[in-house]
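Trainee: here is the input, now give the coordinates:
(one chain, ligands or ions: 1)
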Amino acid sequence: MSGRWVCVLIGSDSDAPAMADACATLDEAGIAYDMKVASAHRSPERTKQLVTEAERDGAAIFIAGASMAAHLPGVVASFTTKPVIGVPLPGSPLQGLDALLAVVQMPPGVPVATVAIGRGGAENAAILAAQIIGLRSRAVRTRLERFKVELAESVEGKNIRLQRKIAPEHDG
Ligand code: RP5
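Mentor: Next up is the predicted model:
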């Protein structure tokens, strides 16, 4: 694979803060990506064009996030046979529950791999993309393996901090 492996699309620039964790995680994984604004409803033609251009430039996976009437991931999936990971974002008065249902409830034939609402989901979208890319890239696979180790170590760190808090006399 070459070029930008992942194309991140968001429905509005107001979605950018919620999607920042996906970008940070892709950076950590050493995965080149582009992030662009494309609205399924306000600029459907541009959305189609961006998907076409991203595929032409080598994108292997799409991550798409939106909040209100969150059809962007499904619309992206309608234009490509590449995997699409959908991130329901919490910008609506219903705090993302409506986005979750819109993103996950795709009709048979057009899947969107849907992650959790909000920042945690955005991070998981990037990890899932890295796992797919890791099927072919040893370098990405190695970073994911290191990440798993660090994740386990962070839990141990949390436990040590908790023990110090609840039983400081036994510390040391
Ligand atoms: C959705 O409408 C976008 O994903 C965004 O979350 C929401 C509101 O967009 P703005 O009015 O902030 O541009 O399509």
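Trainee: only C-alpha atoms from now on, for both contacts and neighbour counts.
Mentor: OK.
Trainee: around the ligand, pick out the residues from the protein.
Mentor: Residues of the chain lying close to the ligand by CA under 6 Å from any ligand atom are Ile10, Gly11, Ser12, Ser14, Asp15, Ser39, Ala66, Ser67, Met68, Gly91.
Trainee: how does it look with 8 Å?
Mentor: Contact residues, the chain versus the ligand (CA under 8 Å from any ligand atom): 10-15, 39-42, 65-72, 89-92.
Trainee: what about the residues you listed, which are in helices?
Mentor: Leu72 (DSSP state H).
Trainee: which helices and strands does the longest helix belonging to the chain pack with?
Mentor: The longest helix of the chain (DSSP H) is helix 138-166. Using 3 or more CA pairs under 8 Å, 6 or more residues apart in numbering; DSSP states H and E as the contact test, the elements touching helix 138-166 are helix 119-134.
Trainee: hang on, the earlier thing: now the buried members of the residues of the chain next to the ligand.
Mentor: Burial by neighbour count, 16 or more other CA atoms under 10 Å: within these this picks out 10-11, 15, 39-40, 65-72, 89-91.
Trainee: sounds good, over and out.
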